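**Student:** Provided below for reference: sequence and predicted model.
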Amino acid sequence: MQMPFCWDRSPAQAPENHIAINGTVVVSCHFGLSVPGKTTTLRLFSSTQIDHNTGKGRLSAEAPLRGGKKTNHGRGKTSTMTYQVTLFVDTEFGTPGAIVVKNGLKNDQFFLRYVQLELPEDRRIHFECNSWVFPYKKTNSDGIFFINTSYLPDKTPEALQLLREEELRSLRGNGRGERKDWERIYEYDYYNDLGNPDKEDHIRPVLGGTATYPYPRRCRTGRALFKKDGMTETRKHMINLDFYIPPDERFNPMKLAEVLTLAVQAVTHFVIPESRALFHGNISSFKSFDQLRRDLYSKPQQPVVEGVVMDKLKTSVPSQKTYKQVSKMVRETPVKFPIPQVIEHDPEAWRTDEEFAREMLAGLNPVVIKRLDVFPPVSSGGKKSSITSAHIEGQLEGRTVEKAIEQNRLYILDHHDYLMPYLRRINTLGVCIYASRTLLFLKDDSTLKPVVIELSLPSDDGGDDEISRIFLPASNGIDGHLWQLAKAHVSVNDSGYHQLISHWLFTHATVEPFIIATKRQLSAMHPVNKLLEPHFKDNMQINTLARSILLSAGGILERTMYPGKYAMEMSSAIYSEWRFTEQSLPNELIKRGVASKDPNGGVILHIEDCPYAVDGLDVWRAIEARVQSYYTH
């Protein structure tokens with residue numbers, strides 16, 4: 001890895017009929033990143049004057065970088081190197097619209113943050129780059145960066161139009177071959193890298209591209225394929241960084257070190273101990289919840305296990321300095337969980353029905369509960385629930401079921417339909433999971449209370465029939481213990497749905513195709529590209545790491561969540577019901593029946609004390625106003 005350097009080279013005098021454009025070039029240099037060499041040069045494309053031989057803007061002569069001074073930039077005071085450059089252009093060159101950066105190093109890339117040019121008459125032009133520049137020897141092409149000004153396609157200066165079109169074509173690729181680290185190519189692919197067909201217990205279906213297993217598409221990596229099925233991509237490490245994603249989607253070194261530290265801690269403190277506990281069978285019962293709290297919130301250090309994981313990490317990280325930084329951060333930031341407020345003040349508060357119901361609206365997964373409009377609940381296959389009016393009418397504050405439904409007072413947390421087709425297979429994995437339906441009543445004080453829980457299993461005869469059992473609120477005796485266990489099963493369903501569906505599938509996976517489409521179709525100069533770019537940041541690399549560490553066969557998700565090896569397959573079935581037009585928050589709340597349309601164009605909440613909806617709508621309205629204003633402009 002090249003060390004930072006400093007050299008002095010004063011700019012030459014401007015040739016006759018030429019003017020000098022002075023520039024500042026800033027590159028990142030923390031964590032042992034390379035910095036430009038003496039052979040790195042810049043050129044300018046004009047945005048106002050066309051070279052009629054090429055149809056592109058006029059191109060200046062090359063100019064080398066000068067100097068090299070250590071600096072700090074940004075809120076985090078990131079360590080940088082700042083260089084000077086002087087470019088000579090003839091007096092008819094016009095206004096620069098793009099810069100061309102040629103990395104003359106033999107092997108090392110550098111991270112270019114920005115370039116700023118000083119023009120005559122105190123004009124200044126900024127190029128926000130935030131991109132890797134790879135050696136010309138590898139890429140056989142220069143890095144091109146456009147001026148920060150936004151242009152719609154039909155408003156793009158004629159001198160920049162061909163450059164804009166060429167950039168988009170290069171980003172789209174040709175769909176063939178293995179991707180190289182330095183290639184900026186955004187192509188679509190399926191989730192074909194989760195399993196390993198060479199290991200019987202690690203065979204997983206390819207997700208995406210079929211009606212059987214629909215899934216959002218991901219970015220193609222073009223890795224070597226297993227010969228066995230010709231479709232599955234290879235993976236090499238427990239914590240795998242040996243994958244391709246477009247360079248501009250990669251973490252900066254500081255972010256990479258933070259994420260790797262979390263990954264090491266996750267594997268060290270959760271995956272390996274969990275696996276050992278499973279093998280030794282010592283998690284089938286808890287001696288006390290006090291012990292559980294001690295294990296969770298004051299986990300002891302495990303230096304031996306940590307060392308094993310760090311050794312495996314060493315083969316994957318991009319540089320020794322990054323590895324040392326991760327090792328330091330792992331030592332200095334042990335895993336700690338703050339004790340949740342609800343049990344910090346009252347260790348038994350989690351047991352209450354009030355807290356159980358509160359978390360439907362303000363807890364981990366407030367996006368499943370919906371208004372009940374048909375009683376008894378009916379599955380997608382037409383089977384009626386075994387819940388009857390007699391089970392709940394005594395808990396509705398004097399109302400009949402029909403009246404409670406009419407007044408928008410009955411709600412359901414439904415983890416039944418998507419689970420039932422998988423329960424037989426899931427429960428052969430050594431767990432005991434039920435499909436659950438929980439009915440809740442909206443009281444006069446705008447809080448919910450659970451009134452009944454139904455737990456269901458497939459029948460023993462292998463048919464479509466179900467075995468269901470009803471549990472009613474109770475605080476004492478056997479019925480009280482059964483009610484607590486029923487709530488525990490509901491919480492397991494809800495937590496698993498949050499991790500696999502609400503978080504992974506509906507937050508991370510569904511966004512990746514939009515990132516790819518934006519990069520392929522909207523130039524860096526497009527105003528909508530600029531609007532979306534901050535919201536896409538780091539998502540693609542997070543998703544790639546997730547496929548390697550969390551979602552793959554035998555990964556963290558399969559080891560710690562009840563669907564086990566059927567988790568991703570089950571998420572595919574749920575994705576088949578996903579519709580883009582239902583994802584705006586107002587539409588989503590209306591679909592679930594927790595809100596209805598306001599005649600004035602807004603929404604009316606049926607549950608006043610619903611933090612997710614109340615706070616979420618404030619955020620939604622702010623974003624909507626901002627986007628509409630930007631789009632109109």
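**Tutor:** Received it, and whenever you're ready, just let me know what you need.
**Student:** for Arg276, give me the pLDDT.
**Tutor:** The model reports Arg276 with a pLDDT of 50.
**Student:** with Pro473 instead?
**Tutor:** For Pro473, the model assigns a pLDDT of 97.
**Student:** secondary structure element holding it?
**Tutor:** Assigned by DSSP states H and E, Pro473 belongs to no helix or strand.
**Student:** what's near enough to touch it?
**Tutor:** Each residue near Pro473 by CB atoms under 8 Å, 6 or more residues apart in numbering is listed here: 353, 395, 449-451, 483. Every C-beta, even on glycine, is put in place using the N, C-alpha and C of the backbone.
**Student:** looking at these, which are in helices?
**Tutor:** 353, 483 (DSSP state H).
**Student:** possible to save the contacts of Pro473 as JSON lines with neighbour count, distance to Gly209 and pLDDT?
**Tutor:** Shown next, in JSON lines, are those (neighbours: other CB atoms under 10 Å; distance: CB to CB, whole Å; pLDDT from 0 to 100):
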{"residue": "Asp353", "neighbour count": "16", "distance to Gly209": "45", "pLDDT": "95"}
{"residue": "Gln395", "neighbour count": "16", "distance to Gly209": "48", "pLDDT": "94"}
{"residue": "Lys449", "neighbour count": "15", "distance to Gly209": "45", "pLDDT": "96"}
{"residue": "Pro450", "neighbour count": "24", "distance to Gly209": "41", "pLDDT": "97"}
{"residue": "Val451", "neighbour count": "23", "distance to Gly209": "44", "pLDDT": "97"}
{"residue": "Trp483", "neighbour count": "21", "distance to Gly209": "45", "pLDDT": "97"}
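**Student:** quick one: low-confidence parts of this protein?
**Tutor:** Where the chain drops to pLDDT under 70, the residues are 1-12, 31-32, 74-77, 222-242, 253, 266-322, 334-337.
**Student:** columns distance to His503 on top of the contacts of Pro473, output as JSON lines?
**Tutor:** JSON lines is the format used below for these (distance: CB to CB, whole Å):
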{"residue": "Asp353", "distance to His503": "26"}
{"residue": "Gln395", "distance to His503": "33"}
{"residue": "Lys449", "distance to His503": "27"}
{"residue": "Pro450", "distance to His503": "24"}
{"residue": "Val451", "distance to His503": "29"}
{"residue": "Trp483", "distance to His503": "28"}
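**Student:** closest to Val101 among the contacts of Pro473?
**Tutor:** Pro450 (61.5 Å; CB to CB).
**Student:** touching, that closest one and Ser491? I think so.
**Tutor:** No. Judged on CB atoms under 8 Å, Pro450 makes no contact with Ser491 at a distance of 11.4 Å.
**Student:** between the two, what contacts are shared?
**Tutor:** Phe356.
**Student:** on that earlier part again, nearest to Phe243, of the contacts of Pro473?
**Tutor:** Each of the contacts of Pro473 was scored against Phe243 by CB to CB, and Pro450 proved nearest at 44.5 Å.
**Student:** which residues sit in contact with that closest one?
**Tutor:** Remark: with contacts taken as CB under 8 Å, 6+ apart, Pro450 is in contact with 353, 356-357, 438-440, 473, 487.
**Student:** can I get those residues in a markdown table with secondary structure?
**Tutor:** Shown next, in a markdown table, are those (DSSP: H, G, I helix; E, B strand; the rest coil):
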| residue | secondary structure |
| --- | --- |
| Asp353 | helix |
| Phe356 | helix |
| Ala357 | helix |
| Thr438 | strand |
| Leu439 | strand |
| Leu440 | strand |
| Pro473 | coil |
| Lys487 | helix |
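**Student:** who wins on neighbours among these?
**Tutor:** Of all these, the highest neighbour tally under other CB atoms under 10 Å goes to Thr438, namely 28 neighbours.
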